[in-house]
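Peer 1: dropping the sequence and predicted coords here.
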Amino acid sequence: MEVEIQDEKHTGRVAAIYGDEVSANAARQKLINNGLSPAVISIVKPDDSAISRKIEPESHGIAKTIVKSHGWLGLIGMIVGIVIATFLVSSGPEMTQSSPMFTYLVFIFFGLVFGMMLAGAISIRPDHDPLITKTVEASHEQNWTVVVQTDEHDEIDLIKKLLEDSAISMSETF
């Protein structure tokens, strides 16, 4: 059984910043001409009101990832807690053997907590912060940003290769 906790279709992003609309549109067209789907390419204009949707368009997938990761990793943490408690109750220190109920409660609780904390670390996606920050700053500085959503490392390399000569700066995440 395979447990899938990521529900986003495209977990990778590449953002390329341009000084004007013409350059951004040219970069978008260059990507399309090289086989990328127009559906995965967004252009963030200066002071764009839809910036969050263009940078992270899969808010529903992100919400599902949060729920699934907390459920699965909390459950796995509880199971690990049960295994550790069983080992300690059967052959551990006298204290754990003399109060097995307390031992189980403590280890199940901490297993659940650590599983949920790990899920939180996965869900908040701190690797996206630099890309989001650069894109928002570029928009406030009256620059244009081409944002491409992808789920393949090869596509990220292709996108970077196609845009690196024309962009003011670039950032990526996967």
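Peer 2: Thanks, I have it.

Peer 1: alpha carbons only for contacts and neighbour counts from here, please
Peer 2: Fine.

Peer 1: so which strand or helix has G74?
Peer 2: helix 59-91 (DSSP states H and E).

Peer 1: for that helix, what is the distance to the chain centroid?
Peer 2: The chain centroid and the centroid of helix 59-91 are separated by 20 Å, computed with Cα atoms, centre = their mean, to the nearest Å.

Peer 1: C-terminal to it, what's the next element?
Peer 2: Scanning forward in sequence from helix 59-91 by DSSP H and E, the next helix or strand is helix 94-98.

Peer 1: so which strand or helix has the residue lying closest to H140 once chain neighbours are set aside?
Peer 2: Nearest non-adjacent residue to H140, counting by Cα to Cα, 6 or more residues apart in numbering: D47, 5.6 Å away. Taking DSSP H and E as the definition, one finds D47 inside no helix or strand.

Peer 1: ok so, going back, buried residues in the helix holding G74?
Peer 2: Of the residues in helix 59-91, 61-62, 64-82, 84-86, 88-89 count as buried by neighbour count, 16 or more other Cα atoms under 10 Å.

Peer 1: tell me the strands beside the lowest-mean-pLDDT helix or strand in the chain, with direction?
Peer 2: Every helix and strand of the chain was ranked by mean pLDDT, DSSP states H and E. The lowest is strand 169-173, at a mean of 78. Partners of strand 169-173 in the sheet, by DSSP bridges, are strand 12-18 (antiparallel).

Peer 1: distance of the most centrally placed residue in the chain from K134?
Peer 2: The centroid of the chain falls nearest to R125 when counting by Cα atoms, centre = their mean (4.0 Å). Using Cα to Cα, to the nearest Å, R125 is found at 16 Å from K134.

Peer 1: isn't E164 up against M170?
Peer 2: Yes - E164 lies in contact with M170 (Cα atoms under 8 Å); the separation is 7.3 Å.

Peer 1: only the buried residues of stretch 149-158, if you could.
Peer 2: Neighbour-count burial for stretch 149-158, counted by 16+ other Cα under 10 Å, picks out 149-150, 155-156.

Peer 1: hey, C-alpha coordinates of stretch 76-84 in PDB?
Peer 2: Output of stretch 76-84 as PDB, limited to C-alpha atoms (Å, rounded to 0.1, in the frame of the first residue of the first chain):
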ATOM      1  CA  ILE A  76       2.000   6.600  11.800                       C
ATOM      2  CA  GLY A  77       3.300   8.500  14.800                       C
ATOM      3  CA  MET A  78       0.800   6.800  17.000                       C
ATOM      4  CA  ILE A  79       1.800   3.400  15.600                       C
ATOM      5  CA  VAL A  80       5.500   4.100  16.300                       C
ATOM      6  CA  GLY A  81       4.500   5.200  19.800                       C
ATOM      7  CA  ILE A  82       2.600   1.900  20.300                       C
ATOM      8  CA  VAL A  83       5.600  -0.100  19.100                       C
ATOM      9  CA  ILE A  84       8.000   1.700  21.400                       C
END
